[in-house]
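>>> Compute the structure for the input listed below.
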Amino acid sequence: MERSVLILDVDGVVIRGRPNDGRPWYATLQEDLGIDRDMLTERFFSAGFRTALRGQADILELLEPLFAEQEIETSVEQFVDYWFRNDARLNDELIEYVQSLRTRVDVHCFLATNQERRRTKYIRETLGLDAHFDAVVSSSDVGACKPEPEFFRAAHARLGLEPEDRVLFTDDREPFVEAAVRHGWQARLFQGNADLKTYVERWLRAAKTN
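Residues are numbered from 1 along each chain as shown. Presented below is the predicted three-dimensional model:
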């Protein structure tokens, strides 16, 4: 039986920055914690963090020696708590729309995201995204990251997708959208809620006419 399946990215789509103003979580990192963002990007996010995204390392263990070397007074735990709390503005309008799809037209709605294990748990449990989506596929669970083909193959299998299923994937990063298309999914670059809603409704109407 053919199913309609909508798969959404998390950061930049379902989560949109700081809860209070929507700015990037690191917007006032230097002022708040005395941590230089450029150093953190170069020495962590552009370095060992990739292994954490694949589930092969723990971010606390990666950050401890870096913080010690840089003589950062803030503890690693305090920094991670700051990061998670400030990267947590839910796109409530989109989430409400997803709920309407799940009940109104029986669309299966999933999340597919590049996340290390601790933030995967945070967004699922603390932010409550488990309650709004049928399943979450994280890079740290499957050992591969978007846009790697292995990520899409693993997500396809984890979500139990069948050849006859109609799949629509959306992400705010063009390379990830292109990778989804290469995998065989229909995909749409996220350009805001209104654009996505219009596209999804057109996609659903097309299913009825086929």
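>>> Okay, helices next: where are they in this protein?
29-33, 37-40, 49-53, 59-69, 76-86, 92-104, 117-121, 139-142, 149-158, 174-183, 193-209 (DSSP state H).
>>> Any chance of those helices in TSV with mean pLDDT, distance to Leu8 and mean neighbour count as columns?
Bear in mind the C-beta positions are built from the backbone N, C-alpha and C, glycine included. Shown next, in TSV, are the helices of the chain (pLDDT from 0 to 100; distance: least, CB to CB, whole Å; neighbours: other CB atoms under 10 Å):
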stretch	mean pLDDT	distance to Leu8	mean neighbour count
helix 29-33	97	27	14
helix 37-40	97	27	14
helix 49-53	97	18	19
helix 59-69	97	24	15
helix 76-86	98	20	16
helix 92-104	94	7	15
helix 117-121	98	15	19
helix 139-142	97	15	22
helix 149-158	97	12	18
helix 174-183	98	12	17
helix 193-209	91	9	13
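>>> Val10 is nearest to which of those helices?
Ranking the helices of the chain by proximity to Val10 (CB to CB) places helix 117-121 first, at 9.2 Å.
>>> got a list of contacts for that closest one?
Residues outside helix 117-121 that contact it (CB atoms under 8 Å, 6 or more residues apart in numbering): 52, 55, 58-60, 80, 84, 87, 113, 136, 138, 140-141.
>>> do that again at 6 Å, thanks
138, 140 (CB atoms under 6 Å, 6 or more residues apart in numbering).
>>> Check stretch 99-108 too.
3-6, 109, 134.
>>> Same check on stretch 134-143?
Stretch 134-143 has contacts (CB under 6 Å, 6+ apart) with 53-55, 108-117, 120, 124, 145, 154-155, 158.
>>> Output stretch 191-210 as PDB, nothing but the C-alphas.
Written as PDB, here are the backbone C-alpha positions of stretch 191-210 (Å, rounded to 0.1, in the frame of the first residue of the first chain):
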ATOM      1  CA  GLN A 191      12.600  28.400   2.100                       C
ATOM      2  CA  GLY A 192      10.100  29.000   4.900                       C
ATOM      3  CA  ASN A 193       6.900  27.600   6.200                       C
ATOM      4  CA  ALA A 194       4.600  29.100   3.600                       C
ATOM      5  CA  ASP A 195       6.600  27.800   0.700                       C
ATOM      6  CA  LEU A 196       6.800  24.300   2.200                       C
ATOM      7  CA  LYS A 197       3.100  24.200   3.000                       C
ATOM      8  CA  THR A 198       2.200  25.200  -0.500                       C
ATOM      9  CA  TYR A 199       4.500  22.600  -2.000                       C
ATOM     10  CA  VAL A 200       3.300  19.800   0.300                       C
ATOM     11  CA  GLU A 201      -0.300  20.500  -0.500                       C
ATOM     12  CA  ARG A 202       0.500  20.300  -4.200                       C
ATOM     13  CA  TRP A 203       2.400  17.100  -3.600                       C
ATOM     14  CA  LEU A 204      -0.600  15.600  -1.800                       C
ATOM     15  CA  ARG A 205      -3.000  16.600  -4.600                       C
ATOM     16  CA  ALA A 206      -0.700  15.000  -7.200                       C
ATOM     17  CA  ALA A 207      -1.000  11.800  -5.300                       C
ATOM     18  CA  LYS A 208      -4.700  11.700  -5.500                       C
ATOM     19  CA  THR A 209      -4.700  12.200  -9.300                       C
ATOM     20  CA  ASN A 210      -2.100   9.400 -10.000                       C
END
